[in-house]
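**Q** sequence below, structure please.
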Amino acid sequence: MHRFATVAERAVQIFAILIGAVFLLSGVIYLYLGRVTLLWAGDLWSVYAFAWKHTWLQSLLLKQDAHVKFFPRSICLANLRFFHGDNVQMLFFAGLGLLLMTVSLLLIPIWRDKSITLTAKTLSTLVVIMGNFWMGRASITANGDFNCDISFAMSGAALAFLLLPKTRCSWSMIAIVVCAGFVACFSFGTGLAIWPTLLVLAWCLHLPRRTIVLLGISALAAAVIYTLLPVLPSVYRAQKESEVSPNLMGVLTEFCRLVGSPVLYSVAAWRPTKTLPDLEQSFSVASWSGVAGLALAGIGVIPRMLRRDLGKSGLENTAISLLIFNLFAFTLITVGRLMSFNLVPFAPRYLFWSSLFWTSLILLAIKRAERLQWARWPALLLSFAIAIFAWPAHYQAWFLCKNAQFMYDKDVIALINGAFETQRIQMVPPQFKQIFEDRVQLASQLRARRLDVFADGLQDWIGLREADVFGARHRSEGLRGQCSIDALGQCDNGAPAARVSGHALKDEESIPRTLVITDSNGVIRGVARSARISPFSNRVFYQSKLTANIGFVGYIRDYNPKVRYVVRSADNRTLSDEQIPVQQPPPPP
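**A** Reported below is the predicted structural model:
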């Protein structure tokens, strides 16, 4: 029997390592493949407009939609200053590095904990990796701008949790914890939850009175600074979506739905025939799972807080710290959003926080299982059950994330050409019409300064002759393919425009990245770009399910249906000798 138990322990450890590696590697790979390529998808364009006329410090010390983003914005402004705002990959890797740092800081006290077995440590590692690299959070983690904001706050909080127990007899540790708290709260608005969390943990850990007083003074100072900082002048403010009922029961219901949203997303992935709204209306998965999660959190945290007996286990301290922090974060989100907008508890961006809430609950369950011999194995195997339950949503998000990137790439090429199809303009919700128009206007200013998507200068080709742009740089590339006009629209100056979509190959197997659309007189009337996916990536990482998306999209400015247009490859500023004719749409009946 003892030998069987030993073999079972080893098997659990091996499976935990393997499944954790699968979640980590797949998360990193698919986040990179589906990374956001357009900063329009973030909140930086209004910051750019302000930074043109003000100093770095003035641009950093601003509130934007009630968020102070001093630390992540310093990275973004460095990107603007040294890379003309075009190095989106730098922001992605910075955010990914902060996410990995958060995971490492959460795992350090777990692996230092001598009161738990190796099995509990490996399962806890699986849970932390799964909670942080679950692709349900990709709306945040695939966006370098957003991920820098929130992961900066989360890494600061994780560092404070790690070092707080060591402040008992070290002034330097107190200083580091306070600094970590300031990093968290001045990286994203939700990071303000760090101060009540640290005060509660300090009280539960029986820390010296001087530590609690210093934390209280720091929290007060952070609140005062937060209040006094100026607000970013911005026209990017959406209208209020709808009136929110002020009754307490309605607020609590929305709060529970926010907590339970990861469960709803996971259930929806198992039932592809039903949409998220259908599931929520048919039976309140999110509401009841949120109530259950909050009840379990109360059972796990409140007795320990009343007894003030934290500090004995690194795993338990990490789980409780993360749990309390997320509860305060949920409170800030609920109150802040209900003051200006509907909460929209199922918005994918909130999965960043709610997934960490459930991560902390599972960590608590693993710790409790170490003490219960009769229930140890069922509780430990719960981690594998959760991994199986969360996998379909993780898998489906690979494709959702990549499809979102395709949409961002189309936005990029639309901005470069200064043209949008009529259908896309009509799809903008009424409350965001003004935002759309203002950002199109701001795009003209970015174009003039060659910033962001305009840094490569492709927009300068439009209206020039091929010979003036490429000179003698021509070569035969074996370009072949087909394309056609599939939508009509208008330019930013009101002139007619047309969207061109198609497929192209050169040198028999490679896909041209940049193409130009010229008229019969050799004048460049628009540029096009291919989607950021190769046949190899589509075949290996997406099981060839994205074949229809392997192609290019471009726009023709000042479109004239009587003129003949062709497409040529223009990679490395070298024009292909071959050309692909643009098929005109059939005349209306």
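**Q** wait, residue 484 sits on residue 501?
**A** Yes - assessed by Cβ atoms under 8 Å, residue 484 is found in contact with residue 501 at 6.9 Å. Quick note: C-beta positions are derived from backbone N, CA and C, even for glycine.
**Q** gap between the residue lying closest to residue 522 once chain neighbours are set aside and residue 584?
**A** Counting by Cβ to Cβ, 6 or more residues apart in numbering, the nearest residue to residue 522 once its immediate chain neighbours are dropped is residue 466, at 4.9 Å. As judged by Cβ to Cβ, to the nearest Å, residue 466 and residue 584 stand 21 Å apart.
**Q** more neighbours, these two?
**A** The residue with more neighbours, out of residue 466 and residue 584 and counting by other Cβ atoms under 10 Å, is residue 466; that gives 18 against 14.
**Q** so who does that one touch?
**A** Contacts here follow Cβ atoms under 8 Å, 6 or more residues apart in numbering; on that basis residue 466 touches 516, 518, 522, 523, 524, 568, 575.
**Q** surely residue 447 and residue 459 touch.
**A** Yes - the pair residue 447 and residue 459 passes the contact test of Cβ under 8 Å, sitting 5.7 Å apart.
**Q** quick one: common contacting residues for these two?
**A** residue 418.
**Q** any regions of the stretch 151-300 of the chain where pLDDT drops low?
**A** Counting by pLDDT under 70, the ranges of the stretch 151-300 of the chain that qualify are 234-247, 273-283.
**Q** just to confirm, which helix or strand has residue 554 in it?
**A** Secondary structure assigned from DSSP states H and E places residue 554 in strand 552-557.
**Q** could you say what helices and strands that strand packs with?
**A** helix 376-417, strand 419-421, strand 480-491, strand 496-505, strand 514-519, strand 524-530, strand 565-569 (3 or more Cβ pairs under 8 Å, 6 or more residues apart in numbering; DSSP states H and E).
**Q** hey, where'd the strands end up in the stretch 151-300 of the chain?
**A** In the stretch 151-300 of the chain, no strands are found when defined by DSSP state E, counting those that start in this stretch.
**Q** now the helices for it?
**A** For the stretch 151-300 of the chain, helices defined by DSSP state H, counting those that start in this stretch occupy the ranges 171-185, 194-204, 209-228, 248-270, 276-282, 285-307.
**Q** nearest to residue 538, of those?
**A** Within the helices of the stretch 151-300 of the chain, the stretch nearest residue 538 is helix 248-270; the backing value is 21.8 Å (Cβ to Cβ).
**Q** any buried residues in the closest one, and which?
**A** The neighbour-count check on helix 248-270 (16 or more other Cβ atoms under 10 Å) flags 251, 253-269 as buried.
**Q** now stretch 456-474
**A** 458, 459, 461, 462, 466, 469, 470.
**Q** likewise stretch 292-312?
**A** Residues of stretch 292-312 classed as buried under the neighbour-count rule (16+ other Cβ under 10 Å) are 293, 294, 297, 300, 301, 310, 311.
**Q** just give me the closest of those to residue 546.
**A** The nearest member of the buried residues of stretch 292-312 to residue 546, counting by Cβ to Cβ, is residue 293 at 35.1 Å.
**Q** hang on, the closest one packs against residue 355?
**A** No - counting by Cβ under 8 Å, residue 293 sits too far from residue 355 to count as a contact (11.6 Å).
**Q** the residue nearest to residue 264 when sequence neighbours are not counted: neighbouring residues, count only.
**A** Closest residue in space to residue 264, ignoring its immediate chain neighbours: residue 286 at 4.1 Å, by Cβ to Cβ, 6+ apart. Residue 286 has 27 neighbours, counted by other Cβ under 10 Å.
**Q** correct me, but residue 286 touches residue 257?
**A** Yes - with contacts counted by Cβ under 8 Å, residue 286 reaches residue 257, the gap being 4.4 Å.
**Q** so for the closest residue to residue 474 other than its chain neighbours, what's the pLDDT?
**A** The shortest distance from residue 474 to any residue other than its chain neighbours is 5.1 Å, reached at residue 575 (Cβ to Cβ, 6+ apart). pLDDT for residue 575: 92.
**Q** need the three-state assignment for the closest residue to residue 479 other than its chain neighbours.
**A** Counting by Cβ to Cβ, 6+ apart, residue 578 is the residue found nearest to residue 479 once chain neighbours are left out, at 3.8 Å. Here residue 578 is recorded as coil under DSSP: H, G, I helix; E, B strand; the rest coil.
**Q** what number of residues lie near residue 578?
**A** Neighbourhood size, residue 578 [other Cβ under 10 Å]: 17.
**Q** list the contacts of it.
**A** Residue 578 sits next to 476, 477, 478, 479, 480, 568, 569 when contact means Cβ under 8 Å, 6+ apart.
**Q** most neighbours among these, please name it.
**A** Comparing the contacts of residue 578 on neighbour count, residue 569 comes out first with 31 neighbours (neighbours: other Cβ under 10 Å).
**Q** isn't it up against residue 579?
**A** No - the criterion here is Cβ under 8 Å, and residue 569 misses it with residue 579 at 9.1 Å.
**Q** thanks a lot, catch you later.
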